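Engineer: quick one, what's the 3D model for this:
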Amino acid sequence: MDIPMYREEKKEYQFELIQNRIRENGGLFRTADANELEIDYRRLQTFVKEGRLRKIKSGYYTDDKTVSEERLVAALFPDGVLTMESALYEYGYLKERPKVWRIAIDKNTSKGRFNLEYPWVTPYYTEENTLKDGIEEIELAGNKMYIYSKERLICDVLKYQDKMDRKDFRRAIFSFVDDESKDMGLLMEYAEKRKVRRKVHDMIGIWLD
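Structural biologist: Model prediction:
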């Protein structure tokens with residue numbers, strides 16, 4: 001015979017179920033999970049008010065005391081590619097992690113995916129063939145995530161120079177120049193594709209002569 005739980009015991013049991021599902025989902029808890037676990041929506045709101053859960057967007061929650069931004073980004077955008085400052089930071093070209101996550105994504109992706117209360121993500125909508133050119137796979141907080149190769153990334157940095165902080169731009173260029181693992185042949189291939197060959201010659205080649 002099942003032993004009935006008191007109200008507070010049931011509440012704690014449900015929160016434990018939520019935390020387990022968050023771990024299973026790579027950092028996310030969805031309304032669909034609540035329905036499956038027979039947890040009332042009002043209970044979710046109680047956990048949010050108590051600060052035990054954080055609402056990411058409609059229908060999505062997390063426990064930000066144990067789940068990092070990195071893990072959330074990887075879970076929310078498995079089809080996205082880290083680019084610009086976010087990718088520069090992952091390569092160690094920038095010392096401080098930017099407050100805004102820069103994610104390249106297919107141009108046909110619903111803009112609603114980026115209506116987030118947390119974390120702060122800026123999309124770069126891209127043609128499919130361009131999106132997939134030069135991507136590599138890394139582990140981001142235990143989850144799989146795509147990132148542009150250093151050579152492709154620097155070409156994009158040169159292409160969108162005007163959208164970057166000047167200091168971050170300079171750090172990125174000098175870090176790439178000093179990177180012994182860089183592939184100059186590959187860099188020139190992407191420079192041609194991204195139409196920044198002249199910039200590569202003027203801003204990078206001068207430091208390599």
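Engineer: what's the model's confidence in the lengthiest helix in the chain, averaged?
Structural biologist: Among the segments of the chain that qualify as a helix by DSSP state H, the longest is helix 7-24. For helix 7-24, mean pLDDT rounds to 89.
Engineer: same question for stretch 37-55.
Structural biologist: The model assigns stretch 37-55 a mean pLDDT of 91.
Engineer: taking the centroid of this protein, which residue is nearest it?
Structural biologist: Central residue of the chain (Cα atoms, centre = their mean): V73, 3.7 Å from the mean position.
Engineer: any idea how far that residue is from P98?
Structural biologist: Distance, V73 to P98, using Cβ to Cβ, to the nearest Å: 12 Å. For glycine as for every other residue, the C-beta is placed from the backbone atoms N, C-alpha and C.
Engineer: do Y91 as well
Structural biologist: In terms of Cβ to Cβ, Y91 sits 13 Å off from P98.
Engineer: before we move on, back to that, now for the residue nearest to the centre of the chain: which residues touch it?
Structural biologist: Taking Cβ atoms under 8 Å, 6 or more residues apart in numbering, we find V73 in contact with G80, W101, I103, P119, V121, L140, M145.
Engineer: where does it fall, phi/psi-wise?
Structural biologist: phi -60, psi -40 (degrees, to the nearest 10).
Engineer: and if you look at G142?
Structural biologist: The phi/psi pair for G142 (degrees, to the nearest 10) is phi 90, psi -10.
Engineer: this protein: helices as residue ranges?
Structural biologist: Under DSSP H, the chain gives helices at 7-24, 31-36, 41-49, 69-76, 84-90, 128-131, 150-159, 166-178, 184-193, 197-200, 206-208.
Engineer: which of Y91 and P98 has more neighbours?
Structural biologist: Legend: neighbour count by other Cβ atoms under 10 Å for Y91 and P98, higher for Y91 (20 against 16).
Engineer: break the chain into its domains for me.
Structural biologist: The chain breaks down into these domains under automatic domain parsing: 7-62, 70-208.
Engineer: which of those sits most buried?
Structural biologist: domain 70-208 (a mean of 17; mean count of other Cβ atoms under 10 Å).
Engineer: related to what we said a few turns ago, and the domains of the chain, which one averages the lowest pLDDT?
Structural biologist: domain 7-62 - the lowest mean pLDDT of those, at a mean of 90.
Engineer: many thanks, have a good one.
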